[in-house]
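Peer 1: got a structure for you, letters missing:
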């Protein structure tokens, strides 16, 4: 019985979490980040309950329960719980790089609220199957709706260029307003302290509040997706490449060239522009005629002849022809070949004055006479 009650208390929270992730499937978020928000929502349930008990003791039970529990609904319960849900988103996800869409604010804030609703629903419905079943259709969706609407304004503040304080404060205001109205209807029995309580009337009112706010949240989700398309483009972004920064190129590495779109071919004025890659005029297939191939006459390849061994031949020597003395002409027919100059014997001249042609020495005293 207890296991069935716990399963019934947890099932609506997991179903709603799947629905929010389905809305964000175009540009999904890391599963670890969503799971951490659920855990932090569970962790804030007990501190929020402690703060609520302190506020009730400080204000007094009589003041808290005045006018059908107005302060108990808006100040003690709604403000405390919604503030803790918002706090975990601002502390653990506001500066994360993957928080870059308006839809991310809706998803993360709703995940924190569903974690909070899980533990709260288990504590309220432990051992009571009827209470768990009733809260599965009222309290759990109420937490998701309030925080989802607040998450829209948180996402708008995150993506705004100016200060985000106004957007975040506006989101907290609407979440406290819806949550407080729901709790006031439950505490007062549907008549908000102006008439005796009627539980059936209060149940009908909280169902209407949840349904109307669910429609408002769906409209905000669609508007958030349109804003994200305007920021990031209409193309979907798979989870594997979501928020992935381009790889850092080492120093000196050449960056790849950006791919340029295909250029349209030039069309002269007066002619219709043809789309890229199409021929402007239909091309007729060219008939291919078989080319007659003549047999190529094959000539016998000449065989190599055996080579004769190289025998050096002696060059004939020229006979030696003596050369005439210096100053006398060379006899005809006895010219020496070019480059051969025979060596001439040196003649020793007699001692004394040179003998001159036509003069003769006679006797002593060197008497000369001339003879014809």
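Peer 2: Received, thanks. Quick caveat, the model's predicted, so the values are computed rather than measured.
Peer 1: what about residue 84, distance to residue 49?
Peer 2: 10 Å (CB to CB, to the nearest Å). Quick note: C-beta positions are derived from backbone N, CA and C, even for glycine.
Peer 1: same question, residue 100
Peer 2: 34 Å.
Peer 1: higher neighbour count, the two?
Peer 2: Legend: neighbour count by other CB atoms under 10 Å for residue 100 and residue 49, higher for residue 100 (18 against 15).
Peer 1: for the more buried one, which three-state class applies?
Peer 2: Following DSSP: H, G, I helix; E, B strand; the rest coil, we place residue 100 in the coil state.
Peer 1: do me a favour and average the pLDDT over the strand or helix carrying residue 122.
Peer 2: For residue 122, the host element (DSSP states H and E) is helix 102-124. Mean pLDDT, helix 102-124: 92.
Peer 1: quick check, residue 102 in contact with residue 228.
Peer 2: Yes - contact criterion CB atoms under 8 Å: residue 102 and residue 228 qualify, at 5.8 Å.
Peer 1: helices along the stretch 1-150 of the chain, start to end?
Peer 2: 2-23, 31-43, 45-59, 61-64, 66-71, 80-92, 102-124, 129-137, 139-159 (DSSP state H, counting those that start in this stretch).
Peer 1: which helices and strands does the helix holding residue 122 pack with?
Peer 2: Packing partners of helix 102-124 (3 or more CB pairs under 8 Å, 6 or more residues apart in numbering; DSSP states H and E): helix 2-23, helix 31-43, helix 45-59, helix 80-92, helix 129-137, helix 139-159, helix 199-232.
Peer 1: switch the cut-off to 10 Å
Peer 2: If you count contacts as 3 or more CB pairs under 10 Å, 6 or more residues apart in numbering; DSSP states H and E, helix 102-124 packs onto helix 2-23, helix 31-43, helix 45-59, helix 80-92, helix 129-137, helix 139-159, helix 165-188, helix 199-232.
Peer 1: returning to what we had before: residue 102 and residue 228 - which one has more neighbours?
Peer 2: The neighbour count for residue 102 versus residue 228, taken as other CB under 10 Å, is higher for residue 102 (25 against 22).
Peer 1: relative to residue 34, how far out is the more buried one?
Peer 2: Distance from residue 102 to residue 34, counting by CB to CB: 16 Å.
Peer 1: got it, and residue 136?
Peer 2: To residue 34, residue 136 is 21 Å away according to CB to CB.
Peer 1: then residue 103?
Peer 2: Note on residue 103: its distance to residue 34, by CB to CB, is 12 Å.
Peer 1: list the contacts of residue 187.
Peer 2: 64, 65, 67, 68, 69, 70, 72, 73, 77, 193, 197, 202 (CB atoms under 10 Å, 6 or more residues apart in numbering).
Peer 1: so what's the residue lying closest to the first one once chain neighbours are set aside up against?
Peer 2: Okay, so that is residue 64. Of all residues not flanking residue 64 in the chain, residue 72 sits nearest, at 4.5 Å (CB to CB, 6 or more residues apart in numbering). By CB under 10 Å, 6+ apart, the contact set of residue 72 is 52, 55-56, 59, 61, 63-66, 78, 180, 183-184, 187-188.
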